[in-house]
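Here is a sequence together with a model predicted from it:
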Amino acid sequence: MSGSGSDAVVESYPMNGGDGTFSYNKNSYFQRVATNVARESIDEVIAEELDIKRFSPALTTFQIADLGCSVGPNTFVAVQNILEAVRRKYESLGLASQLPDFQVLFNDHVSNDFNTLFTSLPSDRPYYAAGVPGSFHGRLFPEASLHFVHSSYALQWLSKVPKELIDPNSPAFNKGRVHYTSAPSEVSDAYTTQFAKDMATFLSARGEEIASGGIMVLVMPGIANGIPYSRIPSGVMFDLLGFSLMDMANEGIISEAQVDSFNLPVYAPSPDEMTALVESNGCFSIQRMDLAAPGTKIDDSVGGHACMLHLRAGMEGIISKHFGSEIIDDLFDRFLQKTKEYSDRLNSAFLQGSQLVVILKRK
């Protein structure tokens, strides 16, 4: 059995577990919108490209994996959409009598709150469910065992923070910032290099696990070719988070050195970058590579408070680990105030294409 496929321990960045006020379960509205935006493309590619006749004619179990599933509820919505589209595919080919059982494999890091995930499983689900703990930056499943792989808003997480970002002697030392948004090119280059390494490992592992003719759908933050990261919603939010932390450092609540040694391990690629990485891997053909603006689908009432809840649900764990949990309420109160000060910049960012939908077919 293969290991992690990496020469270093893969970092884990779990979302807020449970079902409380600041939980991911209660604050993943933006991800739900992303799932809905991607659904039409997924339906079309299953109808047109899923090569079920290439699978064994005696296929008894159709295996679907959701990578980076977190705690729900969005994973269940996505899986149900996929399952219904596959069922329609069988029916359209006159194979309804040969419809296999469905098994869904829910994957995330071992630190994920799988208890909340399993407790939330729909009672009337038309599939068998199993949890698969471990990093998707390496092998997780047997060879050619998967027929459909889905991952939504998980691949933006790097396996680790590039070490040069916290080295004062490096040109990529990211002093006074927490991300490559608005940073010098040396900083963004370090992120780009790490993402390329991670994606190479990811695609290599999935190339072994997905059966020929199978489909993989990757939904993640993305950015148009040649557009600065500071123009998309997550870029603006990361800037505002950095501003809030620096304010706290200037007031002596935390140290500036703590801010200098903290970087969010999140990256948004362009279509050109993803195309090059897929082509370099060679195991997949590109069926779709679409950049959408899901912010245009978000209810008008969603504003700074929703952004704060969304960011806290996703980032509280990694921030608390570095700075301590006692600063969290103050930090996100400050962040909320920043969203009001920078509302024009934030609102315009939501109109940018910032969701990349990549649909691949195993050769």
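Yes, it's here.

Could you use CA atoms for every contact and neighbour count after this?
OK.

Mind jotting down where the helices sit in this structure?
Listed in chain order, the helices of the chain (DSSP state H) span 29-49, 74-92, 114-120, 185-209, 233-250, 256-260, 271-281, 304-323, 328-341, 343-349.

Identify whichever of these lies nearest to Ser135.
Between Ser135 and the helices of the chain, the shortest separation by C-alpha to C-alpha is 9.6 Å, and it involves helix 185-209.

now the closest one and helix 271-281, what's the angle there?
What separates the directions of helix 185-209 and helix 271-281 is an angle of 40 degrees, with axes from the mean of the first three to the mean of the last three C-alpha atoms, to 10 degrees.

For the nearest residue to Gly214 once chain neighbours are set aside, the count of nearby residues, please.
In space, not counting the residues next to it along the chain, Gly214 is nearest to His147; the distance is 4.6 Å by C-alpha to C-alpha, 6 or more residues apart in numbering. A count of nearby residues for His147, using other C-alpha atoms under 10 Å, gives 23.

Ok, Lys53 next?
Per other C-alpha under 10 Å, the neighbour tally for Lys53 reads 11.

Near the closest residue to Thr60 other than its chain neighbours, how many other residues are there?
Closest residue to Thr60 in three dimensions, ignoring its sequence neighbours and counting by C-alpha to C-alpha, 6+ apart: Pro100, at 4.7 Å. Pro100 is flanked by 16 other residues according to other C-alpha under 10 Å.

Check Gly303 too.
Close neighbours of Gly303, defined as other C-alpha under 10 Å, add up to 16.

List the buried residues in stretch 218-234.
Of the residues in stretch 218-234, those buried under the neighbour-count criterion (16 or more other C-alpha atoms under 10 Å) are 218-224, 229-234.

same check, this time on stretch 42-53
Along stretch 42-53, the positions that meet the burial threshold by neighbour count (16+ other C-alpha under 10 Å) are Ile42, Asp43, Val45, Ile46, Ala47, Leu50, Asp51, Ile52.

surely the second one meets Ala85?
Put plainly, it is Asp43. Yes. Contact between Asp43 and Ala85 holds when scored by C-alpha atoms under 8 Å: they sit 5.7 Å apart.

coming back round to it: I'd say the residue nearest to Gly214 and Asp66 touch.
No. Distance between His147 and Asp66: 11.5 Å, which falls outside the contact criterion (C-alpha under 8 Å).

how much space between Ile328 and Leu346?
With the distance defined as C-alpha to C-alpha, to the nearest Å, Ile328 ends up 22 Å from Leu346.

before we move on, back to that, now, among the buried residues of stretch 218-234, which is nearest to Ser92?
Distance to Ser92 across the buried residues of stretch 218-234 (C-alpha to C-alpha) is lowest for Leu218, with 25.3 Å.

What's opposite the closest one in the beta bridge?
Note on Leu218: beta-bridge partners by DSSP bridges are Ser151, Val358.

show me the contacts for it.
Applying C-alpha atoms under 8 Å, 6 or more residues apart in numbering to Leu218 gives the contacts His150, Ser151, Ser152, Leu155, Leu356, Val357, Val358, Ile359.

And Ala196, by the same measure?
Ala196 sits in contact with Leu277, where contact means C-alpha under 8 Å, 6+ apart.

Quickly note the distance from it to Asp247.
When distance is defined by C-alpha to C-alpha, Ala196 is 33 Å away from Asp247.

number of nearby residues for the residue lying closest to His137 once chain neighbours are set aside?
Distances taken as C-alpha to C-alpha, 6+ apart place Phe202 nearest to His137, at 4.9 Å, with adjacent residues excluded. Taking other C-alpha under 10 Å as the neighbour definition, Phe202 ends up with a count of 19.

Please name the residues that touch Phe202.
Phe202 makes contact with Phe136, His137, Gly138 under the criterion C-alpha under 8 Å, 6+ apart.

measure the closest residue to Leu155 other than its chain neighbours to Ile359 for me?
The spatial neighbour of Leu155 that comes closest, neighbours along the chain excluded (C-alpha to C-alpha, 6+ apart), is Met220 at 6.4 Å. Separation of Met220 from Ile359 (C-alpha to C-alpha) stands at 12 Å.

any idea how far Val77 is from Val219?
Between Val77 and Val219 the distance is 14 Å, computed by C-alpha to C-alpha.

Hmm, Ser145 is touching Ile64, no?
No. Between Ser145 and Ile64 no contact is recorded; they are 9.4 Å apart, counting by C-alpha under 8 Å.

Between the two, tell me which one has more neighbours.
Legend: neighbour count by other C-alpha under 10 Å for Ser145 and Ile64, higher for Ile64 (26 against 17).

beta partners of that one?
On the basis of DSSP bridges, Ile64 is bridged to Val104, Phe148.

i'd like the first residue to be 59 from this point on
OK, 59 is where the count begins now, so the last one is Ile122.

give me the number of residues near Ala116?
Each residue near Ala116 was counted by other C-alpha under 10 Å, and the total is 8.

Look up phi and psi at it.
When quoted as degrees, to the nearest 10, the phi and psi of Ala116 stand at phi -100, psi 30.

For Gln156, see how far away it is.
According to C-alpha to C-alpha, Ala116 and Gln156 sit 8 Å apart.

hang on, the earlier thing: quick one: residues contacting the residue nearest to Leu213.
For Met278, the contact set (C-alpha under 8 Å, 6+ apart) comprises Ser210, Tyr211, Ala212, Leu213, Gln214, Ala326, Gln413, Leu414, Val415.
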